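K.L.:
got a structure for you, letters missing:
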């Protein structure tokens with residue numbers, strides 16, 4: 001195992017180089033003055049949920065633990081909506097002990113801690129297979145700084161959670177295979193982590209774990225049935241520990257706009273080819289960006305050293321010092337199986353809950369590829385002439401294709417020169433006799449740090465310019481506070497604010513009831529309500545993005561909106577944003593004096609629907625007209641004439657949304 005000595009401790013060495021590489025990788029952010037909150041999803045989802053989670057924990061200490069909150073869009077289930085964005089993540093609750101003015105700093109520290117834990121989990125697992133501490137740390141650095149982690153992790157930091165959990169789960173599976181009668185705490189812990197962090201990623205890691213179990217069991221000639229029952233039993237314990245969070249999350253996932261089993265099977269029948277062939281452009285780009293860092297392509301991009309490992313595995317039999325085949329075979333097979341499955345759109349759709357094809361699980365491909373490569377690195381089998389030719393042929397052909405289709409600017413040339421040097425040098429570094437481990441480790445540190453710079457750095461230096469898409473440091477919270485700073489609430493009366501804010505989930509941070517929301521697991525019935533009334537045109541393109549009520553006074557009044565955003569021309573003829581008070585705001589609960597059928601309602605245009613909602617309840621079935629008068633037509637769309645005489649406020653239970661969004 002690992003040699004003795006403090007300086008050879010893999011955890012300490014990993015910590016040092018992790019910090020060193022991040023200092024380099026963060027340079028583009030420092031030069032731009034940007035923080036680590038991305039403009040789109042991070043600003044709209046991750047950051048608001050992070051602050052909300054801390055506020056929620058503080059409320060728990062005071063005896064408040066709401067499961068439904070009107071701060072979430074028009075009002076929604078807390079766990080079902082927010083869990084996939086981290087609500088339930090233990091690390092997020094650390095913000096409960098940090099003043100809100102330091103929320104952005106806490107957000108960045110928590111994100112970096114997640115990256116750090118990826119490598120720690122990798123070392124915990126790999127120490128069973130790798131004896132040299134430098135190779136353990138090299139693998140951990142490659143895993144923590146993969147293109148997947150840097151891009152997806154910085155946009156949606158919950159994507160880092162399965163990267164932490166998966167090595168722990170696999171370590172637990174190995175424990176079960178060694179002794180199926182003994183409980184594996186690592187397996188239970190590994191499954192408990194994703195069970196708290198959204199059904200979406202738990203679903204993924206369970207499928208990946210199943211693939212791992214079957215491949216390893218077959219190669220090791222294990223009893224699949226007996227080991228399988230033990231694995232399932234212990235897995236149920238780990239998942240069950242997070243059941244209080246997991247079950248509402250599953251319900252939210254299945255009722256969200258992102259899940260449609262019917263659509264999956266329908267497309268399976270209509271277009272079988274599309275389910276098993278992703279299209280020539282996908283496979284071409286996969287080769288073009290095989291090892292070239294890019295922040296904007298949904299493909300598997302691997303470190304160049306993984307290509308070397310794959311070539312050596314393919315060219316000949318790799319043996320250890322005893323002449324026996326190393327454990328690399330298991331991971332080489334796993335690497336190949338997952339790589340082939342990634343090429344099938346049908347499997348990528350399955351990994352996305354039977355929705356559209358996704359690349360969001362390829363951290364597993366990277367994990368198995370890194371393990372296989374590091375195992376080969378530790379072997380005494382070097383680059384043969386055949387392996388060198390194959391490696392250089394594939395690498396340079398991919399590099400040429402990438403260069404041909406690039407902009408051919410100065411930055412592209414600099415990036416190409418860097419990879420030409422690394423491609424040429426790697427076989428010679430790999431074949432060194434003296435201090436080979438140190439040379440390979442240094443090589444890994446260089447390519448990992450360079451890849452991070454090529455992702456985040458400016459295009460003029462060969463980067464993707466990804467750091468330009470992040471908020472200036474300190475701006476995220478300031479923008480949210482500015483959007484509601486001039487609004488005065490009406491005491492304790494229930495009211496919503498239909499106001500524009502640069503973050504669609506500002507209501508989670510500023511503690512008010514809004515009309516906008518931006519969630520991956522958005523309730524499909526809320527989305528349908530917006531769609532049916534043509535609210536926020538963007539809904540037609542993105543069913544997870546609701547941008548408010550478009551300042552439509554009928555809807556604002558029906559939904560209890562006290563202030564709304566409007567636009568006026570100033571003295572210079574320029575359009576400027578103003579916030580207006582709605583004098584026709586209705587309370588949360590009220591009843592109607594008349595009704596219309598749902599069939600008639602569906603046949604109306606969006607504007608007439610809104611006017612009819614101001615006059616009549618929409619009912620799915622006929623009722624006794626002696627109980628409530630049926631209204632067959634509304635032609636007058638004037639709010640002041642139509643709304644006020646026909647709606648009666650009362651103190652009992654009732655909400656207009658429940659009428660329209662009936663399941």
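P.N.:
Yep, it's here. Everything quoted here is computed from the prediction, not taken from an experiment.
K.L.:
could you point out the longest helix in the protein?
P.N.:
The single longest helix within the chain, with elements called by DSSP state H, is helix 103-126.
K.L.:
Could you chop this structure up by domain?
P.N.:
Domains of the chain are assigned by automatic domain parsing as 169-256, 475-581, 590-660.
K.L.:
Not counting its neighbours along the chain, what's nearest residue 375?
P.N.:
Computed as CB to CB, 6 or more residues apart in numbering, the closest residue to residue 375 that is not its neighbour in sequence is residue 328, at 3.9 Å. Just so you know, the C-beta spots here come from the backbone N, C-alpha and C atoms, and that holds for glycine as well.
K.L.:
now the strands for the stretch 501-650 of the chain?
P.N.:
Using DSSP state E, counting those that start in this stretch, the strands found in the stretch 501-650 of the chain span residues 513-514, 516-518, 545-547, 561-569, 575-581, 590-592, 594-597, 617-619, 629-630, 647-649.
K.L.:
can you put these in JSON lines and add distance to residue 392 and mean pLDDT?
P.N.:
Converted to JSON lines, these look like this (distance: least, CB to CB, whole Å; pLDDT from 0 to 100):
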{"stretch": "strand 513-514", "distance to residue 392": "57", "mean pLDDT": "90"}
{"stretch": "strand 516-518", "distance to residue 392": "47", "mean pLDDT": "89"}
{"stretch": "strand 545-547", "distance to residue 392": "46", "mean pLDDT": "84"}
{"stretch": "strand 561-569", "distance to residue 392": "60", "mean pLDDT": "84"}
{"stretch": "strand 575-581", "distance to residue 392": "59", "mean pLDDT": "82"}
{"stretch": "strand 590-592", "distance to residue 392": "75", "mean pLDDT": "79"}
{"stretch": "strand 594-597", "distance to residue 392": "72", "mean pLDDT": "84"}
{"stretch": "strand 617-619", "distance to residue 392": "69", "mean pLDDT": "83"}
{"stretch": "strand 629-630", "distance to residue 392": "80", "mean pLDDT": "59"}
{"stretch": "strand 647-649", "distance to residue 392": "76", "mean pLDDT": "43"}
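K.L.:
before we move on, back to that, against which helices or strands is the helix or strand just after the longest helix of the chain packed?
P.N.:
Using DSSP states H and E, the helix or strand that follows helix 103-126 towards the C-terminus is helix 133-144. Judged by 3 or more CB pairs under 8 Å, 6 or more residues apart in numbering; DSSP states H and E, helix 133-144 is in contact with helix 10-25, helix 103-126, helix 363-378, helix 436-456.
K.L.:
check contacts around the residue nearest to residue 125 when sequence neighbours are not counted.
P.N.:
Ranked by CB to CB, 6+ apart and with sequence neighbours excluded, the top spatial neighbour of residue 125 is residue 167, at 3.9 Å. Going by CB atoms under 8 Å, 6 or more residues apart in numbering, residue 167 touches 121-122, 124-126, 190, 367.
K.L.:
Secondary structure class of residue 167, three-state.
P.N.:
Per DSSP: H, G, I helix; E, B strand; the rest coil, the secondary structure class of residue 167 is helix.
K.L.:
residue ranges with poor pLDDT in the protein?
P.N.:
Scanning the chain for pLDDT under 70 picks out 1-7, 258-271, 298, 316-327, 380-381, 486, 488-491, 537-543, 621-663.
K.L.:
about what we covered before: between the helices and strands packed on helix 133-144, which one is nearest to residue 565?
P.N.:
helix 103-126 (24.9 Å; CB to CB).
K.L.:
closest to residue 442 out of the strands of the stretch 501-650 of the chain?
P.N.:
strand 516-518 (43.3 Å).
K.L.:
Run me through the strand neighbours of the closest one, direction for each.
P.N.:
Here strand 516-518 has these sheet partners by DSSP bridges: strand 545-547 (antiparallel).
K.L.:
re earlier: and the longest helix of the chain, what other elements does it pack with?
P.N.:
Counting by 3+ CB pairs under 8 Å, 6+ apart, helix 103-126 packs on helix 10-25, strand 34-38, helix 47-61, helix 133-144, helix 147-155, helix 161-178, helix 363-378, helix 475-484.
K.L.:
What distance do you get for residue 34 to residue 102?
P.N.:
Residue 34 sits 18 Å away from residue 102, going by CB to CB, to the nearest Å.
K.L.:
So which of the two has more stuff around it?
P.N.:
Neighbours were counted for residue 34 and for residue 102 using other CB atoms under 10 Å; residue 34 has more, 21 against 12.
K.L.:
nearest residue to the more buried one other than its sequence neighbours?
P.N.:
Nearest residue to residue 34, sequence neighbours excluded (CB to CB, 6+ apart): residue 470, at 4.3 Å.
K.L.:
Show me the beta-bridge partners of that neighbour.
P.N.:
Counting by DSSP bridges, residue 470 is bridged to residue 38.
K.L.:
Could you report the distance from it to residue 350?
P.N.:
Taken as CB to CB, the span from residue 470 to residue 350 is 33 Å.
K.L.:
Repeat that for residue 130.
P.N.:
Taking CB to CB, one finds residue 130 at 32 Å from residue 350.
K.L.:
Looking at the two, which one has more neighbours?
P.N.:
Counted by other CB under 10 Å, residue 130 and residue 350 do not tie: residue 130 has more neighbours, with 24 against 19.
K.L.:
contacting residues for that one?
P.N.:
Per CB under 8 Å, 6+ apart, neighbours of residue 130: 136, 139, 374-375, 378.
K.L.:
Out of the residues you listed, which comes closest to residue 84?
P.N.:
Using CB to CB, these come closest to residue 84 at residue 139, 29.0 Å.
K.L.:
which residue packs closest to residue 275, ignoring adjacent ones?
P.N.:
Leaving aside its chain neighbours, residue 275 sits nearest to residue 346 (4.0 Å; criterion: CB to CB, 6+ apart).
K.L.:
how near is that neighbour to residue 196?
P.N.:
30 Å.
K.L.:
Check residue 457 too.
P.N.:
Computed with CB to CB, the distance linking residue 457 and residue 196 is 35 Å.
K.L.:
Neighbour count for the two, which is higher?
P.N.:
residue 457 (24 against 21).
K.L.:
excluding its backbone neighbours, what's nearest the more buried one?
P.N.:
residue 463 (2.8 Å).
K.L.:
OK, contacts around residue 337?
P.N.:
Counting by CB under 8 Å, 6+ apart, residue 337 touches 211, 215.
K.L.:
one more time with 6 Å
P.N.:
By CB atoms under 6 Å, 6 or more residues apart in numbering, residue 337 lies in contact with nothing.
K.L.:
Am I right that it sits in a strand?
P.N.:
No: if the criterion is three-state DSSP, then residue 337 is helix and not within a strand.
K.L.:
That one and residue 208, how far apart?
P.N.:
For residue 337, the distance to residue 208 equals 11 Å [CB to CB].
K.L.:
do residue 496 as well
P.N.:
Here the criterion is CB to CB. By it, residue 496 lies 42 Å from residue 208.
K.L.:
Pull the number of nearby residues for the nearest residue to residue 111 once chain neighbours are set aside.
P.N.:
Leaving aside its chain neighbours, residue 111 sits nearest to residue 157 (5.1 Å; criterion: CB to CB, 6+ apart). Applying other CB under 10 Å, we find 29 residues neighbouring residue 157.
K.L.:
List the buried residues of stretch 590-609.
P.N.:
For stretch 590-609, the neighbour count (16 or more other CB atoms under 10 Å) marks 590, 592, 594-597, 601, 604, 609 as buried.
K.L.:
Any buried residues in stretch 183-190, and which?
P.N.:
Applying a neighbour-count criterion of 16+ other CB under 10 Å, one finds 184, 186-190 buried in stretch 183-190.
K.L.:
tell me the contacts of residue 561?
P.N.:
Taking CB under 6 Å, 6+ apart as the test, what residue 561 contacts is 496, 498, 582.
K.L.:
how about 8 Å then?
P.N.:
Contacts of residue 561 (CB under 8 Å, 6+ apart): 495-498, 515, 549, 555, 582, 585.
K.L.:
ok, so what distance separates it from residue 417?
P.N.:
Counting by CB to CB - residue 561 and residue 417 are separated by 58 Å.
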